[in-house]
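**Q** Here is my input, please return the structure:
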Amino acid sequence: MEKTLFPGYTIGPDAYDDIAAVCPAYGKKAAVIGGKRALAAAGDAIIQAAKEAGMEIIGPIWYGGEASRENMEMLRPQIEEADMIFAVGGGKAIDTCKVLAHETNRPFFTFPTIASTCASCTSLGIVYHPDGSLREYSFSKIPPNHIFINTQVIADAPDIYLWAGMGDTMAKHYECTISSRGDVPAHSDAMGIALSSMCAEPIIRWGRQALEDCRAHKVTRELTEVILGIIISTGLVSNFVQVDYTTGLAHAIYNGFTVLPSTEAHHHLHGEVVSYGILVMLTVDKQFEERDKLYAFSRSIGLPTCLADIHATPEDLPAVTAKALAGIDVRVFPYTVTPEMIVQGIMDMEEYHKAHN
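**A** Residues are numbered from 1 along each chain as shown. Next comes the predicted model:
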């Protein structure tokens, strides 16, 4: 038997008002868990809306600062009496709650306070070591029961998260189409691959204006479209397709850079590094026209286009490529990817960057 579950979503400055229509059907007590800044930005409004719906609140509870097994274990006794989990914040806070919900068989609802990744829509959880390096992927077919997207909260958040989120979003299209090349995909995979076009073109079309609107704290059509692209379009693609299609070379390159202390020290964001990985992936794949288009867009909004932008050097590449290929099955590509191919792609990008600056 095969089963696909779809998360519902509500979007707008008044999105939390919909808690009353959605959440009481799943129980009475909700544990509100999230990041410190996320809870400061949205916690009161979420809790007030839940109480007005007749619900009881446990928390708010800080998730611990990292999507680690250690923090999940820390949270377990605090949610024993909860019927459901409200996950508030960015990708790591939401993934912490997501994996915890999966492993304790609780429904969960997401309240993204930034548009940086598709974590608030997906069933996949990413788990890290306490030092921030990648530990494992936590696989499940159970997405959030509902996503509450308050666009004003996201417009008021630091624009750097939207900026990075656009990079992560575009990767879904390029990874899906490259990794599935030559396959005859089943229905679910084919749906996700077709939908993945919504993860690139809308970002390129509206991304620059959306970033300006976010900086001005204005909720506009352009900003709303980009938020939907980052959270919903990308998340649905992830839920539809097999994970091998959405953890392609761009994300493998990101995983590689997590081993460098400089990545954490300079607070480089997931989507920021993934956006650089797309450029390398398209170079390796010899999609030079598409690479050039994406390079121009990345330059226009300041996404990284060379090693220096992510505080890395050619000397770092052996460690980066070893980590990048350690966590993936290279057979997911239409050809075998080697460390040498990745290094060559990165160095070709360095030359391209020099020639255009």
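**Q** okay, CA-based contacts and neighbour counts for the rest of this
**A** OK.
**Q** which residues touch the nearest residue to Ala41 once chain neighbours are set aside?
**A** Excluding its sequence neighbours, the residue lying closest to Ala41 (CA to CA, 6 or more residues apart in numbering) is Val153, at 7.0 Å. Shown in contact with Val153 (CA atoms under 8 Å, 6 or more residues apart in numbering): 13, 41-42, 113-114.
**Q** Helix, strand, or coil at Val153?
**A** Reducing the assignment at Val153 to three states with DSSP: H, G, I helix; E, B strand; the rest coil gives helix.
**Q** For it, give its distance to Asp316.
**A** 38 Å (CA to CA, to the nearest Å).
**Q** same check, this time on Met341
**A** Counting by CA to CA, the gap from Met341 to Asp316 is 15 Å.
**Q** Tell me which of these two has more neighbours.
**A** Using other CA atoms under 10 Å, the more surrounded residue of Met341 and Asp316 is Met341, with 17 against 14.
**Q** What values do phi and psi take at that one?
**A** With angles defined as degrees, to the nearest 10, Met341 sits at phi -60, psi -40.
**Q** Am I right that it is in contact with Thr283?
**A** No: judged on CA atoms under 8 Å, Met341 makes no contact with Thr283 at a distance of 9.8 Å.
**Q** which stretches of the stretch 251-357 of the chain form helices?
**A** Secondary structure of the stretch 251-357 of the chain (DSSP state H, counting those that start in this stretch): helices located at 261-265, 270-284, 288-301, 317-326, 339-355.
**Q** Look up phi and psi at the residue nearest to the spatial centre of the chain.
**A** Centroid-nearest residue in the chain, with CA atoms, centre = their mean: Thr117, separated by 2.3 Å. Thr117 has phi and psi values of phi -140, psi 180 when expressed as degrees, to the nearest 10.
**Q** Check which residues of stretch 133-144 are buried.
**A** 133-135, 142-144 (16 or more other CA atoms under 10 Å).
**Q** Tell me where the stretch 251-357 of the chain is predicted with low confidence.
**A** 327-332 (pLDDT under 70).
**Q** The helix or strand bottoming out on mean pLDDT in the chain - contacts with which helices or strands?
**A** Taking mean pLDDT, DSSP states H and E as the measure, the helix or strand of the chain with the lowest value is helix 243-246, at a mean of 76. The contact analysis (3 or more CA pairs under 8 Å, 6 or more residues apart in numbering; DSSP states H and E) places helix 243-246 against helix 159-179.
**Q** what mean pLDDT would you report for the helix or strand following the helix it packs on?
**A** Where DSSP states H and E defines the elements, the next helix or strand beyond helix 159-179 is helix 187-195. The pLDDT scores in helix 187-195 average 94.
**Q** other SSEs contacting the helix or strand that helix 187-195 is followed by?
**A** Going down the chain from helix 187-195, the next helix or strand is helix 201-215, by DSSP H and E. Secondary-structure packing of helix 201-215 (3+ CA pairs under 8 Å, 6+ apart): helix 151-156, helix 159-179, helix 221-228, helix 288-301.
**Q** Comparing the ones you listed, which comes out most buried?
**A** Mean neighbour count (mean count of other CA atoms under 10 Å) peaks for helix 159-179 among the helices and strands packed on helix 201-215, with a mean of 25.
**Q** That helix vs helix 270-284, what angle?
**A** 30 degrees (axes from the mean of the first three to the mean of the last three CA atoms, to 10 degrees).
**Q** quick check: angle from helix 159-179 to helix 221-228?
**A** Using the same axes, to 10 degrees, helix 159-179 lies at 60 degrees relative to helix 221-228.
**Q** Could I get the average pLDDT for helix 159-179?
**A** Here the average pLDDT along helix 159-179 is 94.
**Q** May I have that helix as PDB, with CA atoms only?
**A** The C-alpha trace of helix 159-179 is given here as PDB (Å, rounded to 0.1, in the frame of the first residue of the first chain):
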ATOM      1  CA  ASP A 159      16.100  39.700   5.200                       C
ATOM      2  CA  ILE A 160      19.100  37.400   5.200                       C
ATOM      3  CA  TYR A 161      16.900  34.400   5.700                       C
ATOM      4  CA  LEU A 162      14.700  35.100   2.700                       C
ATOM      5  CA  TRP A 163      17.900  35.700   0.700                       C
ATOM      6  CA  ALA A 164      19.300  32.300   1.600                       C
ATOM      7  CA  GLY A 165      15.900  30.700   1.200                       C
ATOM      8  CA  MET A 166      15.800  31.600  -2.400                       C
ATOM      9  CA  GLY A 167      19.000  29.700  -3.000                       C
ATOM     10  CA  ASP A 168      17.700  26.600  -1.300                       C
ATOM     11  CA  THR A 169      14.500  26.800  -3.300                       C
ATOM     12  CA  MET A 170      16.100  26.900  -6.700                       C
ATOM     13  CA  ALA A 171      18.100  23.800  -5.900                       C
ATOM     14  CA  LYS A 172      15.000  21.700  -5.900                       C
ATOM     15  CA  HIS A 173      14.300  22.300  -9.600                       C
ATOM     16  CA  TYR A 174      17.900  21.700 -10.800                       C
ATOM     17  CA  GLU A 175      18.500  18.700  -8.600                       C
ATOM     18  CA  CYS A 176      15.200  17.000  -9.500                       C
ATOM     19  CA  THR A 177      15.700  17.500 -13.300                       C
ATOM     20  CA  ILE A 178      19.300  16.400 -13.200                       C
ATOM     21  CA  SER A 179      18.900  13.400 -10.900                       C
END
